[in-house]
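>>> The following block contains a protein sequence and its predicted model.
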Amino acid sequence: MTSLSAPARRASAVNLLTQPRTAAAPDRPARSGWQRQAACGDLDGAWFFPADREPADVRAARTARAKSVCALCPVVSDCLAYALSVREPFGIWGGLTEAERAAALRARSRARSPQRGHPVRVSLSPDGT
Ligand code: SF4
């Protein structure tokens, strides 16, 4: 099994949100509100984001470790709401993987349009029969 440790400390999900503003990323907010309570705030971001060409067994172990942190995080709902609102494409946010968040967004979209996928009854006669 490949080591999970990263050669350099990488930002966790919350730290990515709160990196110093730069010309390349001028809109990054300062850490505030729910982000200050994040359980991952001081953890290695490698737990939350996949490395290039990450083997499946390493990915599974990393994901399980990250989710165990999220499960104890006091702001998991805020984090997930944020990630869904910006359609965050990478990493573990709010205890969900990229694929799980995509599925949640699809489910939410289906719930908002309940008629979608159901046959529409069309009457061709004047009395509606
Ligand atoms: S839910 Fe997970 S990713 Fe989000 S702030 Fe908490 S520990 Fe970090």
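Looks like it came in fine.
>>> From Ser68, how far off is Val58?
Distance of Val58 to Ser68, given as C-beta to C-beta, to the nearest Å: 16 Å. C-beta here means a position set from N, CA and C on the backbone, and glycine is covered the same way.
>>> quick one: secondary structure of Arg87?
Here Arg87 is coil, with the state taken from DSSP: H, G, I helix; E, B strand; the rest coil.
>>> Now do the helices in this protein.
Taking DSSP state H, the helices of the chain run over residues 13-17, 56-71, 76-85, 98-112.
>>> how far away is the residue lying closest to Ala83 once chain neighbours are set aside from Ser113?
Counting by C-beta to C-beta, 6 or more residues apart in numbering, Ala83 lies nearest to Trp93, which is 3.4 Å off, once chain neighbours are set aside. Distance, Trp93 to Ser113, using C-beta to C-beta: 25 Å.
>>> between these two, which one's more packed in?
Trp93 (27 against 8; other C-beta atoms under 10 Å).
>>> The more buried one is in contact with Cys79, isn't it?
Yes: using C-beta atoms under 8 Å, Trp93 makes contact with Cys79 at a distance of 5.6 Å.
>>> Show me which of Val58 and Ser68 is the more surrounded one.
Val58 (16 against 12).
>>> Now do the same contact list for Asp78.
Asp78 is in contact with Gly33, Trp34, Gly94, counting by C-beta atoms under 8 Å, 6 or more residues apart in numbering.
>>> go again using 7 Å as the cut-off
Residues in contact with Asp78, defined by C-beta atoms under 7 Å, 6 or more residues apart in numbering, are Trp34.
>>> what does the model give it for pLDDT?
pLDDT recorded at Asp78 is 96.
>>> Report the separation between it and Phe49.
Note on Asp78: its distance to Phe49, by C-beta to C-beta, is 19 Å.
>>> what's the answer for Arg36, then?
As judged by C-beta to C-beta, Arg36 and Phe49 stand 21 Å apart.
>>> buried sites along stretch 82-93?
Using 16 or more other C-beta atoms under 10 Å as the test for burial, stretch 82-93 gives Tyr82, Ala83, Leu84, Glu88, Gly91, Ile92, Trp93.
>>> Can you tell me the closest non-neighbouring residue to the fourth one?
Think Glu88. Nearest to Glu88 is Arg101, by C-beta to C-beta, 6+ apart, at 7.0 Å.
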